[in-house]
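Asker: quick one: sequence plus predicted model below, questions after.
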Amino acid sequence: IAGITQAPTSQILAAGRRMTLRCTQDMRHNAMYWYRQDLGLGLRLIHYSNTAGTTGKGEVPDGYSVSRANTDDFPLTLASAVPSQTSVYFCASSDPTTGGGYTFGSGTRLTVV
Amino acid sequence: AQKVTQAQTEISVVEKEDVTLDCVYETRDTTYYLFWYKQPPSGELVFLIRRNSFDEQNEISGRYSWNFQKSTSSFNFTITASQVVDSAVYFCALNYGGSQGNLIFGKGTKLSVKP
């Protein structure tokens, strides 16, 4: 089934630990994105990548890094997790031929304690 | 600046009532896309509709309809004869900077439909 796979589904992480959230798509979309969702704040863009080999910063990039070594994978790394990074993280991809329509993964619920 | 405002934080209706969710956007781009997404209690984000800035025709899909008015920068969403299964958080979003630009979201409107 074509779409986006995120892993893990949920995670409890000790503050100060390093964590990588995985995101893989099989739709060959050029653009990929990471959002975080927090109550009352909606979804906010963390980082994006318009094509393999390039990345850019979104609205809330601090404390996060990304890489885009190939078209399919777009991992998000928290180098040293802090409690304020407790959130639900969504990965998404888009196909410019459909006018920017986004496909979202099912999300990763991260709790930093 | 690009911005999406959903002024209604929560709405509660009784089943079979009609309900309109408001969305107002700001952008200086002449080419942009507007979206509505549904997030049911299960948490996934479900795409509902996409509209480009050059197409102001209203759209109806079953019980759902959308009213796009560039003059007021609004893209409102109406559910007719609401059902309990419509209970969800609904997000309006703006894609600016062309087809591969970034998508920014409003803060969402939580709709509760009571039997």
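Answerer: Received the coordinates, thanks. Quick caveat: nothing in here was measured; it's all calculated off a predicted structure. Numbers count the residues shown, from 1 in each chain, chains lettered A, B, ... in the order given.
Asker: tell me where the chain has strands.
Answerer: No chain specified, so I'll use chain A. Per DSSP state E, chain A carries strands over the ranges A:4-7, A:10-13, A:19-25, A:31-38, A:42-49, A:56-57, A:64-66, A:76-78, A:87-95, A:101-104, A:108-112.
Asker: my bad, chain B
Answerer: B:3-5, B:10-14, B:19-21, B:24-26, B:33-39, B:46-52, B:59-61, B:64-69, B:74-79, B:88-95, B:103-105, B:109-114.
Asker: now the most centrally placed residue in chain A, which residues is it bridged with?
Answerer: The centroid of chain A falls nearest to A:W34 when counting by Cα atoms, centre = their mean (2.9 Å). Applying DSSP bridges to A:W34 gives these bridge partners: A:H47, A:C91.
Asker: what would the strands of chain B look like in a markdown table with distance to A:S94?
Answerer: Glycine gets a C-beta too; all of them are placed from N, C-alpha and C. Formatted as a markdown table, those follow (distance: least, Cβ to Cβ, whole Å):
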| stretch | distance to A:S94 |
| --- | --- |
| strand B:3-5 | 17 |
| strand B:10-14 | 29 |
| strand B:19-21 | 23 |
| strand B:24-26 | 18 |
| strand B:33-39 | 10 |
| strand B:46-52 | 11 |
| strand B:59-61 | 21 |
| strand B:64-69 | 20 |
| strand B:74-79 | 19 |
| strand B:88-95 | 8 |
| strand B:103-105 | 8 |
| strand B:109-114 | 23 |
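Asker: quick one: closest of those to A:L76.
Answerer: With Cβ to Cβ as the measure, strand B:103-105 is the member of those nearest A:L76 (16.7 Å).
Asker: perfect, that will be all.
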